[in-house]
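[1] Please work out how this folds:
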Amino acid sequence: MKTAISIDNLSYSYPDGHQALSGITLRVATGEKVALIGPNGAGKSTLLLHLNGILIGSGSIQIMGLEPTPKNLPAVRAQVGLVFQNPDDQLFSPTVFEDVAYGPIYQGLDEQLINDRVDQALCDVQMQSYRERISHHLSLGEKKRIAIATVLSMQPEILVLDEPSSGLDPRARRELICLLRGFKHTLLIATHDLFLVRDLTPRTVVIDNGLVAYDGDTLELLRDKATLADHGLELPL
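    Numbering: from 1, shown residues only. Below you'll find the predicted structure:
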């Protein structure tokens, strides 16, 4: 299968000297659904921010065969749809339409294509009737869907989601899992929600202390209570 994400020996230290990543090597194939789990401060979010050039560390990264160099950044960012944990970080326009249209407008598309992209993205997240709604009046679950639509409208190959189920009630969480399960995109999901991991991602990568501590079958990992405990993880009762 074609490689969507290729990371070799990636290391990164913050300006205060904290070593967040220490030689991460990872491959994600096109169409794979992969969970990225680990304790707080393990380096998960730092890794995600390297995928579209927000952070630049040492080592090598390729996104659909492109390195996130300054010259390639527009093309790389068009391939990677990054959905933040807090949808209010992503929704800043007066209406849902304007939020979802922002990316296609930035891409310089014509008006008809912008409208088509918005309609398709809202359809993909089952929010077609929300086009003229005020974004900040929506529920958290609705906002999370619209935040996903804002990146779908740019038609990326890869969706990168940071804690997508955080704060959701059980119904909204289940609906989100069903929605993501139907996507054909490559998915890389950083989360603490091990039930979401069990239900959605066949492969799981554990990051701890900036290192890959496990990379393999999700169900095998979830049956291994000792490995989970070693990395500050446990399934809820």
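
[2] Show me the helices in this structure, by range?
    Ranges of helices in the chain, per DSSP state H, are 44-50, 73-79, 96-106, 111-124, 140-152, 170-181, 194-200, 218-223, 225-230.

[3] In space, what's closest to Leu122 - neighbours in sequence excluded?
    Nearest non-adjacent residue to Leu122, counting by CB to CB, 6 or more residues apart in numbering: Gln128, 5.0 Å away. No exception for glycine: its C-beta is placed from N, CA and C like everyone else's.

[4] got it, and Val125?
    Leaving aside its chain neighbours, Val125 sits nearest to Arg145 (4.2 Å; criterion: CB to CB, 6+ apart).

[5] next one: Gly43
    Leaving out its chain neighbours, the residue that sits closest to Gly43 by CB to CB, 6+ apart is Gly210, at 4.4 Å.

[6] Next, count neighbours for the one you found.
    23 (other CB atoms under 10 Å).

[7] ok, it to Ala172 distance?
    Per CB to CB, to the nearest Å, Gly210 is found 32 Å from Ala172.

[8] In a markdown table: the helices of the chain, plus mean pLDDT.
    Shown next, in a markdown table, are the helices of the chain (pLDDT from 0 to 100):
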| stretch | mean pLDDT |
| --- | --- |
| helix 44-50 | 93 |
| helix 73-79 | 91 |
| helix 96-106 | 95 |
| helix 111-124 | 97 |
| helix 140-152 | 96 |
| helix 170-181 | 94 |
| helix 194-200 | 95 |
| helix 218-223 | 95 |
| helix 225-230 | 92 |
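
[9] which stretch among these comes nearest Val160?
    helix 44-50 (5.4 Å; CB to CB).

[10] What is the neighbour count of Pro15?
    Residues near Pro15, counting by other CB under 10 Å, number 5.

[11] what sits against Leu91?
    Under the criterion of CB atoms under 8 Å, 6 or more residues apart in numbering, the neighbours of Leu91 are 99, 135-136, 143, 146-147, 150.

[12] give me that answer again for 7 Å
    Taking CB atoms under 7 Å, 6 or more residues apart in numbering, we find Leu91 in contact with 99, 135, 143, 146-147.

[13] and if you look at Gly53?
    Taking CB under 7 Å, 6+ apart, one finds 68, 73, 76-77 in contact with Gly53.

[14] any idea how far it lies from Ser22?
    Separation of Gly53 from Ser22 (CB to CB): 20 Å.

[15] Same question for Arg145.
    Arg145 sits 36 Å away from Ser22, going by CB to CB.

[16] the more surrounded of the two?
    Per other CB under 10 Å, whichever of Arg145 and Ser22 has more neighbours is Arg145, with 23 against 15.

[17] So the more buried one is in contact with Met127, correct?
    Yes - between Arg145 and Met127 there is a contact under CB atoms under 7 Å: 5.3 Å.

[18] how deep is the residue nearest to Leu122 tucked in, by neighbour count?
    12.

[19] What's the per-residue pLDDT of it here?
    At Gln128, the model reports a pLDDT of 95.

[20] and it, how far is that from Val118?
    Distance of Gln128 to Val118, computed by CB to CB: 10 Å.

[21] before we move on, what about Val206?
    In terms of CB to CB, Val206 sits 37 Å off from Val118.

[22] Give me the number of neighbouring residues for Ile5.
    By other CB under 10 Å, neighbour count at Ile5 equals 23.

[23] Give me the pLDDT for it.
    Model confidence at Ile5 (pLDDT) stands at 97.

[24] which residues touch it?
    So Ile5 contacts 26-28, 51, 63, 158, 188 (CB under 7 Å, 6+ apart).

[25] closest to Pro164 among those?
    Using CB to CB, Leu188 is the member of the contacts of Ile5 that lies nearest Pro164, at 11.2 Å.
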